[in-house]
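**Student:** This is a predicted model, with the sequence first.
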Amino acid sequence: MRTPWPPQRTTTTAKALAKGLAPPRILALPLGLALSLATAAMTAAETIPTTTGAMATQKTTPTTPATAGAATATSATAGKQGFTPEKIPWAAVPQVPGVEIAPLVGRTDLAGLYVVRVRLKAGARIPAHSHPDRRVTTVLFGTLYGGIGPTFRAEGLRPWPTGSLYTVEAGVSHFLSARDGEVIYEEVGIGPSGMSLQGLRH
């Protein structure tokens, strides 16, 4: 006997729909579960490979980024926060021309989950730097070029097109470029964090 496709729905939701009843509401995830899922995503994400002996791990002291104190926008619904594109609080990074940063969730200098969005103008570069925590990066727009090592090397860049996701381990020196045009990417990590950039810390 052939099994019909798609299979007949026999779940409680399907029966409820058949009777004209509203399906159960989807509940928001508890904060603890959301953090667990974020951590699991960080573990499963692709990691940029490193070359043995190619760089020395830099020890950094977590400090407050220039824009970490920016307040997050709160929606009309209590307990929820978010931004529409035109409301994202972009702020220039004085140490790196052509780079803007926007803290969206949490603060990098505090314990807990944070989300930071970064925008690079066409041709902008971020010199070799490191963070004291593991970061998950998602490319939202453009092609981001990244490499591993203590100094910026054009020949060491690898392209990460729109939609790519990768991780960089804590203390690993890396560098970035937007050589093909404007790039927007998002970083997620667990604070407290910071950034060591060519001897400067912010």
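**Tutor:** Thanks, I have it. As the structure is a prediction and not an experimental result, all values here were calculated from the model.

**Student:** Confirm Val96 sits in a helix?
**Tutor:** No - counting by DSSP: H, G, I helix; E, B strand; the rest coil, Val96 is not part of a helix but coil.

**Student:** Just grab the bridge partners of the spatially closest residue to it that is not a sequence neighbour for me.
**Tutor:** Excluding its sequence neighbours, the residue lying closest to Val96 (C-beta to C-beta, 6 or more residues apart in numbering) is Ile126, at 5.6 Å. Where C-beta positions appear, they are placed from N, C-alpha and C, glycine not excepted. With DSSP bridges as the criterion, Ile126 is bridged to Leu176.

**Student:** Tell me the spacing between Ile126 and Pro159.
**Tutor:** According to C-beta to C-beta, to the nearest Å, Ile126 stands 15 Å off from Pro159.

**Student:** Check Val118 too.
**Tutor:** As judged by C-beta to C-beta, Val118 and Pro159 stand 17 Å apart.

**Student:** Equivalent analysis for Glu86, please.
**Tutor:** Taking C-beta to C-beta as the measure, Glu86 falls 29 Å from Pro159.

**Student:** Compare the two and say which is more crowded by neighbours.
**Tutor:** Pro159 (13 against 5; other C-beta atoms under 10 Å).

**Student:** In contact with the residue lying closest to Trp160 once chain neighbours are set aside, which residues?
**Tutor:** Among residues not flanking Trp160 along the chain, Leu144 sits closest, at 4.7 Å (C-beta to C-beta, 6+ apart). For Leu144, the contact set (C-beta atoms under 8 Å, 6 or more residues apart in numbering) comprises 120, 137, 159-160, 164, 176-178, 183, 185.
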